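Trainee: Predicted structure and sequence below. I'll ask about it afterward.
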Number of protein chains: 2
Amino acid sequence: MNDRTHTADVEPGETVTVAGWVHEIRDLGGIAFLILRDGSGRIQIKFEKDEMDEELVETGLGVARESVVTVTGDAEEESRAPTGVEITPDSVEVLADSDTELPLDPSGKVDAELSTRLDNRTLDLRKPEVKAIFEIRAEVLRSVREAFRDLGCTEINTPKIVATGTEGGTELFPITYFGEEAFMNQSPQLFKQLMVGSGLERVFEIGPIFRAEEHNTPRHLNEATMIDFESAFFDHTEAMDACEHVVKSAYEGVAANCADELELLGLAESFAAPDEAFPRLTYQEAIERINATGDLDEQLVWGDDLPTEGERALGDDVGSHYFITDWPSEIKPFYIKDHDDDDQLSTGFDMMHPVMELVSGGQREHRYDHLVAGFEQQGLDPDQFEYYTKMFRYGMPPHAGWGLGVERLVMTMLGLENIREAVLFPRDRQRLSP
Amino acid sequence: MNDRTHTADVEPGETVTVAGWVHEIRDLGGIAFLILRDGSGRIQIKFEKDEMDEELVETGLGVARESVVTVTGDAEEESRAPTGVEITPDSVEVLADSDTELPLDPSGKVDAELSTRLDNRTLDLRKPEVKAIFEIRAEVLRSVREAFRDLGCTEINTPKIVATGTEGGTELFPITYFGEEAFMNQSPQLFKQLMVGSGLERVFEIGPIFRAEEHNTPRHLNEATMIDFESAFFDHTEAMDACEHVVKSAYEGVAANCADELELLGLAESFAAPDEAFPRLTYQEAIERINATGDLDEQLVWGDDLPTEGERALGDDVGSHYFITDWPSEIKPFYIKDHDDDDQLSTGFDMMHPVMELVSGGQREHRYDHLVAGFEQQGLDPDQFEYYTKMFRYGMPPHAGWGLGVERLVMTMLGLENIREAVLFPRDRQRLSP
């Protein structure tokens, strides 16, 4: 395809070949315009019917919307054209025809249901404001990785096919693995911990996780992309510092590099990277503040998990990203370490966006005996996890870390209503295809 | 853990707190040394038994190898110390004890079988030369992503749980997905193609793929990490250019940023990023050159796939990375486009390292009718892939791309004997844990 010389954001004054989709054809009688769209934007192609080769005019104006064409011609300044440039074509070639009936209108003039959009993601992503979400998502991943490099982390990949799940047999998708039962991993938790006991010390992974939860809400997915961090010789406060740095870096990357995309999403004015430190509330303070809002029918007491409406009330009250620390040990996973001076108080933390939880983390239990006891208290058989616990007998340093869902980060960053808008091909109970 | 002030590569002249693993204790009688190891290297801690607090000496010299300790003291120049610096401790604290019997010797003095190493990856990765492989792997991922950004690609994530596999039902791991049968995806092929028909145009993904092949060789894995690339308006030659750029960038990144790691692996002298263009041989030329080596018992004829020994013979002959182009259509997948002027000749290509295949790619079939016919010829039911083929009815541009296995790239780059050495936790027929 060496014939494409320019994208649609071409400057005037040259002979160019552009290639893209037929966005629209406007026929004004003696003159007609083909608006060609590609990844960079749109360009007007002018057809003066009486002055141009008949076959060229027929090809250019007879092609169905959303067909793929290449156009060669002179790009000239034209103040009335949408981009100030228009091409007078010498040749038009149709590379791929489109059916005239489209399941979805990529021009965005006709609204489509989310399920129709997801069934036709290819067409859906021809809309610049949908494409913008995924350009921003890519920038989030880029800037997050750069933040991890600032922190001296090594990128790792851990297996997605596992013999046992982090939290036991519930909420796991079973696989048949060469005749054996296995599972799709719901979290890299155990593997990343094994790595901080190695020479790597500080690691991150960005990869898929799989949760067989029967949730069906606008903020749950059964397959998601998780950003995982873990560091030796970190306590929970240092892990929170790292979390704050990474999340701020994602916002800063988008602010610096996605101006056009934010504009398309109507966020050019309102988008701002957080610059204040994220407030750190204890769980005790959190339930007191929720109770004080009066939004809940029943007052929360120590040991209650925070209900969704409680998170909302607190989020409205705090008005920024914030941490909730010092949770009751009983409602945090067994691999989270308790405070040394109070075994009812966990070093676990959550990092919250005003509308939902983004991150869960904590200092980990690195003492072999405590860890094995934790498995038993959780009703799990420590023998099944021997590949993991065994390594804690050979010098496992104190360590801490967290996991951050990419889709929730993008969803809250852009104010999307449904988490499925932040995934190309979401997986939920109803959706296994495309 | 705010008490750790320095890593082991400390400079003399300060009071420092270091933290790490007890690599070795050398007791010379009146004087003894604890060698502490962390991710940055090693540092000598000196104990003068008669001049120091008895408890301090007991703690420091009584601790088992591979235990985790913090040491606070003065770092001073000492020409006889391995790094030219030694610490005279004021305090030693044991953070985590190690059993004295280790399943694997992290000092590397006792060789271990690969299976023992993989069972005890945490300990295995305490060996600097093993850690070096994974630091290099992380640099490969970093520089590859940067190369994709040079090429104007958008990073995507596509689902790993799918209703149908790229090449049909064979070689897929079945999942139970909320009572329905689904599969773990063996390639992002179909999804990345759907994206180049959207506004994204040029995309890459680095993620896990799953293949239920019954291979059990030093160069096959059942779970691997794949680098996938796809671009609209690219033909196979442009896809090869992109491939060459990405692979060279990986080598250049490692050459520029991993000098210490290459040194540890004994590659400091021999490692070189390829600077010449990768030769492009047609399949016809390839079989002729293989036949000319006389290494095969039987001469290859048009239509034969290249046997492993044929690849070896040709690799020896060429002596560098190279492409094999213009394969017979019959031995390439149906989604690879044939040459316009010869439907027996495919635009598919492989990119080879002298010892094995690294990349498979080609221009894709973007014409709806041809694509559907291809499914049928392959014995697949096009209706099952309707979510994919349907989008080809609405303006799918010509496009090309390829897939590159991360583990094979790292393995060939570093001359590793077994692909499992390039994965933290490999998955094969025998290995599902850790």
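Mentor: All right, it came through fine. If you're wondering where the values come from, they're calculated on a predicted model, not measured in any experiment.

Trainee: and stretch A:355-373 with chain B, contact?
Mentor: Yes. Stretch A:355-373 reaches chain B (CB under 8 Å from any CB of the partner chain) through A:H366, A:R367. C-beta: built from backbone N, CA, C; applies to glycine.

Trainee: what residues does the stretch 1-150 of chain A put near chain B?
Mentor: Contacts of the stretch 1-150 of chain A with chain B, taken as CB under 8 Å from any CB, map to A:1-2, A:4, A:19, A:21-22, A:37-39, A:66-68, A:95-99, A:102-103, A:119-128, A:130-131, A:134-135, A:137-138, A:141-142, A:145, A:149.

Trainee: any idea which helix or strand carries whichever residue of the stretch 151-300 of chain A sits closest to chain B?
Mentor: Of all residues in the stretch 151-300 of chain A, A:S198 sits closest to chain B, at 3.2 Å by CB to the nearest CB. A:S198 is part of no helix or strand, with elements assigned from DSSP states H and E.

Trainee: which non-adjacent residue is nearest it?
Mentor: Nearest non-adjacent residue to A:S198, counting by CB to CB, 6 or more residues apart in numbering or on different chains: B:L125, 3.2 Å away.

Trainee: In this structure the one you found contacts A:V196, no?
Mentor: No. At 10.3 Å, B:L125 does not count as touching A:V196 under the criterion of CB atoms under 8 Å.

Trainee: Those two: which is more packed in?
Mentor: Using other CB atoms under 10 Å in any protein chain shown, the more surrounded residue of B:L125 and A:V196 is A:V196, with 26 against 23.

Trainee: Contacts only, for that one.
Mentor: A:R202, A:V203, A:E230, A:S231, A:A232, A:P397, A:H399, A:G401 (CB atoms under 8 Å, 6 or more residues apart in numbering or on different chains).

Trainee: Could you count how many residues lie near the first one?
Mentor: Number of residues near A:R202 (other CB under 10 Å) recorded here: 21.

Trainee: tell me the contacts of it?
Mentor: By CB under 8 Å, 6+ apart, the neighbours of A:R202 are A:L151, A:G152, A:C153, A:T154, A:V196, A:E230, A:S231, A:A232, A:F234, B:G39.

Trainee: Ok, the fourth one next?
Mentor: When the contact criterion is CB under 8 Å, 6+ apart, the partners of A:S231 are A:L151, A:C153, A:V196, A:E201, A:R202, A:V203, A:E238, A:A239, A:A242, A:H399, A:A400, A:G401.

Trainee: now swap in the last one and tell me
Mentor: For A:G401, the set of contacting residues under the criterion of CB under 8 Å, 6+ apart consists of A:K192, A:Q193, A:V196, A:D228, A:F229, A:E230, A:S231, A:F234, A:A239, A:G361, A:R364.

Trainee: Please identify, among the residues you listed, the one with the most neighbours.
Mentor: A:E230 leads those on contacts (other CB under 10 Å) with 30 neighbours.

Trainee: Can you name the helix or strand that that residue falls in?
Mentor: strand A:223-232.

Trainee: and the angle from the helix or strand just after that strand to strand A:223-232?
Mentor: The helix or strand immediately downstream of strand A:223-232 is helix A:236-257, counting by DSSP H and E. Note on geometry: by axes from the mean of the first three to the mean of the last three CA atoms, to 10 degrees, helix A:236-257 and strand A:223-232 are set 130 degrees apart in direction.

Trainee: Please save the CA atoms from helix A:236-257 in PDB.
Mentor: The C-alpha coordinates for helix A:236-257 follow below in PDB (Å, rounded to 0.1, in the frame of the first residue of the first chain):
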ATOM      1  CA  HIS A 236       1.500  -0.100  53.400                       C
ATOM      2  CA  THR A 237       2.200   3.600  53.600                       C
ATOM      3  CA  GLU A 238       5.000   3.300  51.000                       C
ATOM      4  CA  ALA A 239       2.700   1.200  48.800                       C
ATOM      5  CA  MET A 240       0.100   4.000  49.000                       C
ATOM      6  CA  ASP A 241       2.700   6.600  48.000                       C
ATOM      7  CA  ALA A 242       3.500   4.400  45.000                       C
ATOM      8  CA  CYS A 243      -0.200   4.100  44.100                       C
ATOM      9  CA  GLU A 244      -0.700   7.800  44.300                       C
ATOM     10  CA  HIS A 245       2.300   8.400  42.100                       C
ATOM     11  CA  VAL A 246       1.100   5.900  39.500                       C
ATOM     12  CA  VAL A 247      -2.500   7.200  39.400                       C
ATOM     13  CA  LYS A 248      -1.400  10.800  39.200                       C
ATOM     14  CA  SER A 249       1.000   9.900  36.400                       C
ATOM     15  CA  ALA A 250      -1.800   8.400  34.400                       C
ATOM     16  CA  TYR A 251      -3.800  11.600  34.700                       C
ATOM     17  CA  GLU A 252      -0.700  13.700  33.900                       C
ATOM     18  CA  GLY A 253       0.000  11.600  30.800                       C
ATOM     19  CA  VAL A 254      -3.500  12.100  29.500                       C
ATOM     20  CA  ALA A 255      -3.500  15.800  30.300                       C
ATOM     21  CA  ALA A 256      -0.200  16.200  28.500                       C
ATOM     22  CA  ASN A 257      -0.700  13.900  25.500                       C
END
